[in-house]
Each structure stands twice: as structure tokens, then as C-alpha cells.
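# Predicted model and sequence follow; I will ask about them next.
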Protein chains: 2
Amino acid sequence: MVVNKRNFDETRQRLLEAAFHAIHRNGFRAASLDSILANTGVTKGALYHHFSNKNELGYAVVDELVHNMISDVWLKPLSRAEDPIDGMVAILKGYSDEDMERGCKLGCPLNNLAQEMSPVDEGFRRRLDGLFALWRGAVAEALRRGQRSGHVRGNIDPDQIGCFFVAGMEGGISQAKTAQNPEVLADCRDTMIDYLQTLRKPESAA
Amino acid sequence: MVVNKRNFDETRQRLLEAAFHAIHRNGFRAASLDSILANTGVTKGALYHHFSNKNELGYAVVDELVHNMISDVWLKPLSRAEDPIDGMVAILKGYSDEDMERGCKLGCPLNNLAQEMSPVDEGFRRRLDGLFALWRGAVAEALRRGQRSGHVRGNIDPDQIGCFFVAGMEGGISQAKTAQNPEVLADCRDTMIDYLQTLRKPESAA
DNA sequence: CTAAGTTCATACTAGTTGGTATGTGACTTG
DNA sequence: CAAGTCACATACCAACTAGTATGAACTTAG
């Protein structure tokens, strides 16, 4: 297999990844195309060959990279988990120290973008809201499965708790990022784990 | 009392308030000085007479306006509350529909600024982290008072829960803003109220 | 081979931004 | 009343931004 100098897919991927990092670090509007290009060695001509404008580049980052991250960390593991509470706790406890450190330095890519762009661009807003809804929905669906299988109390509202769970995590990351201190996030995580235990069906807790 | 055309305090206050609104709507970096000035009728010469640069204007907005908001909504009410759990629930239930609507359109000024500026400017980061810490601390302190007065279980960590509480609220506002739908925030709030009830000392729950 | 379409490269532009240099009228103070 | 300080006003600039116009090089079809 010959690697061409002009490789559509590879160039596009390099642009997406450089854009993702620049956006994660500086925010979308402050991430300048010139700096993204300087980091990739790709030129402006190539960029505008692949994306019709800056917004479309950002949309692609959300639709592809950010979506995949959410899917890998939350959607797939939750859909596989037998006991949803064990599954969620396992994901939370599975955060490595590097994850915590990195996540708390720059924050959550999804939440960062949502906070910045939702009020000013409907294209971003719809996409990011869709990702939040996927995440909430995955938690809710797992809890519903848990209710059917007898692991989870029947008198709780899975959708409401999906929302609460995502809120607690995003809020914890926000504070940790502002404090530049992963302890704050660890506190939130531990309190959330305690809270999740209260959702177990009493009989199955023994 | 004569109102001078040249009134230091009034001009400064007008600049601060216009800056606050522009920042709340667009973020700090996207809030252009020219647009702030256009909204106030104040000129650039006056602006730079009052603030040495754009960052100092932003710092003053945080130190004065945002600080006051946190103080009015959380610090003072919590310090007055006899039963901390009742106090927190009362604040949460006291949100009017307009508050919810407005808060979910543009998000929380504190969190917006923290997300945008913490990673890129240490002056903002320190100030915003200070405000988060005040808020967390007020919740923790209220819970400690509740422990001493027998309203709150002794086997919980007030600091940890202060952190969790702030996280849940900020995360709820974030999601509501992205969804442009206050229901998401209402779900988080209601779940948080349920959670707070589990912190009561069993004997005093009856 | 040629021709055409794809993938990029270079040079440029118009608009916006934070910031400055300089001037001016009002108010205070000696 | 004169001098000086304060609170602005006006005009400007250098830097940076997203986006474009144009062309060149590479790949592929025939």
C-alpha cells in the first residue's frame, strides 16, 4: 500500500484532531485557523478544500471526535453493563489519575463547547444538546433495565436521575478545572457513588 | 444634590453593568469593547480612564457584580438559615419561572466565565475559583451548623457535599442552557432536593 | 501520451480587535 | 482668577481574523 502525499482522509483527520485540541484548549472562537494550520503543516488551501468554513470544521469535530468519545466512555460500557449501578460505579472508579489530571486541566470538551457556543450558534447547540441527551438517555436506559431486572428501585424516575448524574459529573469537572485541582472532582465522584447506592432495590442490597 | 455630567462612580457602574451583560451573552473574549461602549454611550477614552485594560474591566465585573450575586443568592440566605436543609430547599424552590427561563437561556455567569477563562488567564481563574469556594464553603458551613444543632447526620462530610451540591446545580444549568429548556434544570433541582432529605438526622426526620 | 479532475499551496483582502496618542472642557484649589 | 487635575472625547494604529482568488502539482481515465 502506497502512502500518497496527497491523502484526502489523512489530511482531513489531521485537521480534525488539531482543531479538537485547539478548541479544547482555547475554545472554538479563540481557536484561530492559522494556529491550527501551523500545528499541522496543512495549508489554508487544503483546509478550505475539506471544510467550507470554520463552523463546518467545528461541527465535524463534534459529530465525529466528541461523539466518539462520549460513545466510548459512556454509551457502550453502559449498554453492556448487567447491573447498571455497578456499571456506573465501575466507570467512575475507572478514571485513571492521568484522566483526572487531564480532564481537570482543560475540562470536558463537550461541556466546554456547549457553554461557549450554545447561545450563539444553533448548529452547535443542536449537536451538543444531542450528545448530552445521548448520555442522559444511556444512564436512564441502564437504570430502566436495572428496574426490570430487579437491581434498581422501582419508585425512581430514570430520566430525572440520568439528568442529575450528568449534571453532577459536569459540575464536578467544571469546579475542578477552575480550581485546577482534581480533588474537587474526586469529592463529587465519591458522593455520586454513595448516592447511586441509594437507588438499589433494598432486597438485592444484601 | 446635583448630578454632574462627569460622574466617576456612575460612569464606572454603567461600564461594569454593560460589560457584565455583554460577557454573559457572548463570553469575555467575544465581548468587544466597541459594542460595550456603543451600548452605554461611554467613549473609549472614558473606559481607559477607569480601567487600564480589558482584563481589569473583567476582573472588576467578577469582584463586584458576580461576587454580589453569589452573596445575595447563596451566602447570605445560607448564613441565616436555621435548618440548613430547609434553607437550601427554600432557595431552590424560590427560583421563579423567570429566573429559570433567564438562567437557562444564558447560563450561570460564574460558571460561564470560569469555563472560558480559567485555563487561559490566572487572574480570572483565581477570582472565579474563590467564588466557587465561597459557595461550596457556605453550603458546608451550613451543614456543619446543622450537625451541631442535630438537624443533619453526623456521618457525612460537609465539604464533600458542598462540592457535590454546587456541581449538581451548575451541571443542571449547563444542560438546560444547551437544551434551551428549563425542564432539565428542574429535574436536577428536584433530584437534589430528594438527595438533601437523605442527609437529615433520622430522629429529627419524624 | 493527453486531458480532466482532485488535492492542495500562496498571496492577498476586508473587517474587527484591543490599545494609544493627543486634545479639550469641567471642576477644584490655591 | 489662574493653575492644575480630573473625566472624558476623537482619531488613529498595528495585529490578527476568517475567508478568497488563483494557480500548481499530483492522480487517474481514456
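Okay, I see it.
# Packing partners of the longest helix anywhere in chain A?
Longest helix in chain A, counting residues (DSSP state H): helix A:122-149. Secondary structure elements in contact with helix A:122-149, counted by 3 or more C-beta pairs under 8 Å, 6 or more residues apart in numbering or on different chains; DSSP states H and E, are helix A:54-60, helix A:67-70, helix A:76-80, helix A:84-94, helix A:109-117, helix A:158-179, helix B:158-179. Heads up, the C-betas are built off the backbone N, CA and C, glycines and all.
# possible to save those helices as a markdown table with mean pLDDT and distance to DNA strand D?
Conversion of these to a markdown table gives the following (pLDDT from 0 to 100; distance: least, C-beta to the nearest atom of the strand, whole Å):
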| stretch | mean pLDDT | distance to DNA strand D |
| --- | --- | --- |
| helix A:54-60 | 98 | 3 |
| helix A:67-70 | 98 | 22 |
| helix A:76-80 | 96 | 33 |
| helix A:84-94 | 96 | 35 |
| helix A:109-117 | 98 | 13 |
| helix A:158-179 | 98 | 23 |
| helix B:158-179 | 98 | 22 |
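# which one of those helices lies closest to DNA strand C?
Each of the helices and strands packed on helix A:122-149 has some distance to DNA strand C by C-beta to the nearest atom of the strand; the shortest is helix A:54-60, at 13.5 Å.
# about what we covered before: could I get the helices and strands packed on helix A:122-149 in a markdown table, plus columns for distance to DNA strand C and mean neighbour count?
As requested, those are exported to a markdown table (distance: least, C-beta to the nearest atom of the strand, whole Å; neighbours: other C-beta atoms under 10 Å in any protein chain shown):
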| stretch | distance to DNA strand C | mean neighbour count |
| --- | --- | --- |
| helix A:54-60 | 13 | 18 |
| helix A:67-70 | 22 | 15 |
| helix A:76-80 | 31 | 14 |
| helix A:84-94 | 37 | 17 |
| helix A:109-117 | 16 | 25 |
| helix A:158-179 | 22 | 26 |
| helix B:158-179 | 23 | 26 |
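# could those go into a markdown table alongside distance to A:Ala31?
Formatted as a markdown table, the helices and strands packed on helix A:122-149 follow (distance: least, C-beta to C-beta, whole Å):
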| stretch | distance to A:Ala31 |
| --- | --- |
| helix A:54-60 | 9 |
| helix A:67-70 | 18 |
| helix A:76-80 | 29 |
| helix A:84-94 | 29 |
| helix A:109-117 | 10 |
| helix A:158-179 | 17 |
| helix B:158-179 | 19 |
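# so how far is chain B from the residue nearest in space to the middle of chain A?
Nearest to the mean C-alpha position of chain A, by C-alpha atoms, centre = their mean, lies A:Ile70 at 4.4 Å. According to C-beta to the nearest C-beta, to the nearest Å, A:Ile70 and chain B sit 13 Å apart.
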